[in-house]
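Q: Okay, sequence plus prediction incoming.
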Amino acid sequence: MRPALVTDSNSQLSNELRDRFSVHVVPVTVVVDGKEFLEGVDLDADGFYEFFADGVTPEVSTSQPSPGAFVETYQRCIDAGHDEIISIHVTKGLSGTINSARIAAEMVDAQVHLLDTRTASFGIACCVWAAGMAIEDGAGAAEALAVADRTADGLYSVTAVGAAELVNASGRVQLDESGSGIDLFTTAPEGVIEMLPSAHSVDEVCDSIAAAMTLGGEPIRVALGVADETAMAYWQGIESRLNERDDVVEIVRYRIGPSVGAFFGPGTAGGFWYAASSFEQS
């Protein structure tokens, strides 16, 4: 029996990857104007961005899944015949999710391998993606966990921000709220953040994001995310540019859902990339 894969919904894991690797997703709680929702269960991306209609900015907060939610998920894996579980999660620097997972791991009759990805959003899913590919290639739990860990060490991202005021409120990056352009920034391993020149059109955003997604010609895997309908044009524009390149091995799409959209807002687009060789076993 292959090891089971578990992640949390902050990973924004696409249905494509979830189904491909049979991943169990533990939902994050999202509170919108005082009402609680489970991300991906009773609140999806489309439903979340409806709260921003007519220029309204709702009050949004998030909280990590409880240990009990993890116990339920781990037990489903055990009941399906798995005796080893790889549980891959959002960085402890932003959430207590992995602490809940650690408590739950001590309460079930299975070996649970935990990974703090040191990242958030689809960066977590990239680690799941890499682990899943390693398992497909015959890796055991320890090997697949090592592959996911190496992927976490080599993750890059780029973001075109829909709502600068939400990012500024988070305190991580300070952006221009004047509305004179679309703010873009990249992140590299070790949390290095670099601001890119502001863009003023869909084409400029697509050019900047596609150009940022490179490892100097090394083959890469890419994930492209958009928040809502106002950002949909970025998907095709970025993808068409990447499809012209020989270094892009694979592209997947995902939606920027509630637990991430709460900090970036509607109109946001971007993605992650990592070396295609990351999934290879040592």
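A: Good, I have the coordinates.
Q: which residue packs closest to residue 233, ignoring adjacent ones?
A: In this structure, residue 233 finds its nearest non-sequential neighbour in residue 202, 5.1 Å apart by Cβ to Cβ, 6 or more residues apart in numbering. Bear in mind the C-beta positions are built from the backbone N, C-alpha and C, glycine included.
Q: What's the local residue count around that neighbour?
A: 17 (other Cβ atoms under 10 Å).
Q: Identify the residues contacting it.
A: 233-234, 237 (Cβ atoms under 8 Å, 6 or more residues apart in numbering).
Q: the helices in the stretch 101-250 of the chain, which residues?
A: 122-136, 141-153, 164-170, 202-212, 232-242 (DSSP state H, counting those that start in this stretch).
Q: which of those sits most buried?
A: For the helices of the stretch 101-250 of the chain, the largest average neighbour count (mean count of other Cβ atoms under 10 Å) is found in helix 122-136, namely a mean of 27.
Q: who does that helix touch, helix- and strand-wise?
A: Judged by 3 or more Cβ pairs under 8 Å, 6 or more residues apart in numbering; DSSP states H and E, the packing partners of helix 122-136 are strand 4-8, helix 15-21, strand 84-89, helix 141-153, strand 220-226, strand 248-255, strand 269-275.
Q: want to try CSV for these, with mean pLDDT and distance to residue 72 as columns?
A: Formatted as CSV, these follow (pLDDT from 0 to 100; distance: least, Cβ to Cβ, whole Å):
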stretch, mean pLDDT, distance to residue 72
strand 4-8, 98, 11
helix 15-21, 95, 17
strand 84-89, 98, 13
helix 141-153, 96, 21
strand 220-226, 97, 28
strand 248-255, 96, 25
strand 269-275, 95, 29
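Q: any chance of the ones you listed in a markdown table, plus distance to residue 107?
A: Listed next are these as a markdown table, based on distance: least, Cβ to Cβ, whole Å:
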| stretch | distance to residue 107 |
| --- | --- |
| strand 4-8 | 14 |
| helix 15-21 | 25 |
| strand 84-89 | 13 |
| helix 141-153 | 19 |
| strand 220-226 | 33 |
| strand 248-255 | 31 |
| strand 269-275 | 32 |
